[in-house]
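*Asks:* take a look and give me a structure for this.
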Amino acid sequence: MIVIVTGGSRGIGRSIVERLCADGVGVLFSHSSSDEEAGELAERLGPLAHAVRLDVTDDDGPGRLFDVAESLGEVTGLVNNAGVTSRIGPLTALRDEELRRVVDVNLVAPLRLCREAARRWASTPGKSRRSIVTVSSVAARTGSPGEYVAYAATKAAVDTMTVGLAKELAPGVRVNAVSPGTIETSIHARSGEPGRAWRVAERIPMGRPGKPEEIAEAVAWLLSDKASYVTGTVLDVAGGL
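*Replies:* Take a look at the predicted model:
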């Protein structure tokens, strides 16, 4: 079986790919520009891991991604992990092109990928159990004022998508989300504040940022048969936030 993971070359996505391959699951992961990181990961993990350079917002992105995955085996899972933030700061500082990119990557792309999965799986009923997991964010609840309001809004929409699509696709497809708190990855540096994860740690009840591997564990569980009666759930992995 094959699981598609978007944005799998670094951060949380990379840990998800590593975790699934450790369980013997074949993975096709996408990346938009990190050729070196993706190549190193695929080479290190061996024949279970396959990389494809692809922007999830491309018009033909969902179709191409599923075509490649289906050439490798039966696709049983989709992990919508690819995500971007804008520059850290208030909404008033956000340019139109930044706003559109946040919405396109974080919301429109997962919707289109879920639609592609639903269409393809509807045409091949009665095979293995299928599952969709989307990486959301605790920002969907906090709103992330003064930092990432647009990002937070897209994640709140993803949570709603998860609940609605789970009901629409049951019983054949389970649909869930994992909602991380502040996780120590390079996304903070890319948004302009490398030390943000530890700066905000004081308001986390557990007193520290999370690790990408801790999110990967939750994703792997939701994809597995151990979560066979779980759908429409947004699972917080947020250190108590």
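
*Asks:* residues in contact with the helix or strand where Glu214 lies?
*Replies:* Taking DSSP states H and E as the definition, one finds Glu214 inside helix 212-223. Residues outside helix 212-223 that contact it (C-beta atoms under 8 Å, 6 or more residues apart in numbering) are 3, 11-12, 14-16, 18-20, 23, 25, 77, 79, 81, 131, 133, 135, 174, 176, 178, 180, 183-185, 227, 230, 233, 235, 237. All C-beta spots, glycine's among them, are computed from the backbone N, C-alpha and C.

*Asks:* dump stretch 15-25 to PDB, restricted to CA.
*Replies:* C-alpha atoms of stretch 15-25 as PDB (Å, rounded to 0.1, in the frame of the first residue of the first chain):
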ATOM      1  CA  SER A  15       9.000  12.900  10.400                       C
ATOM      2  CA  ILE A  16       5.800  11.500   9.100                       C
ATOM      3  CA  VAL A  17       7.600   9.900   6.100                       C
ATOM      4  CA  GLU A  18      10.200   8.400   8.400                       C
ATOM      5  CA  ARG A  19       7.600   7.100  10.800                       C
ATOM      6  CA  LEU A  20       5.400   5.500   8.100                       C
ATOM      7  CA  CYS A  21       8.400   3.800   6.400                       C
ATOM      8  CA  ALA A  22       9.500   2.500   9.800                       C
ATOM      9  CA  ASP A  23       6.200   0.700   9.900                       C
ATOM     10  CA  GLY A  24       6.800  -0.800   6.400                       C
ATOM     11  CA  VAL A  25       4.400   1.500   4.700                       C
END
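
*Asks:* what's in contact with it?
*Replies:* Outside of stretch 15-25, the residues within contact range by C-beta under 8 Å, 6+ apart are 1-3, 5, 8, 27, 29, 41, 45-46, 48-49, 77, 79, 81, 211-213, 215-217, 219-220, 223-224.

*Asks:* show me which residues of that stretch are buried.
*Replies:* For stretch 15-25, a neighbour-count test (16 or more other C-beta atoms under 10 Å) marks Ser15, Ile16, Val17, Glu18, Arg19, Leu20, Cys21, Val25 as buried.

*Asks:* lovely, talk soon.
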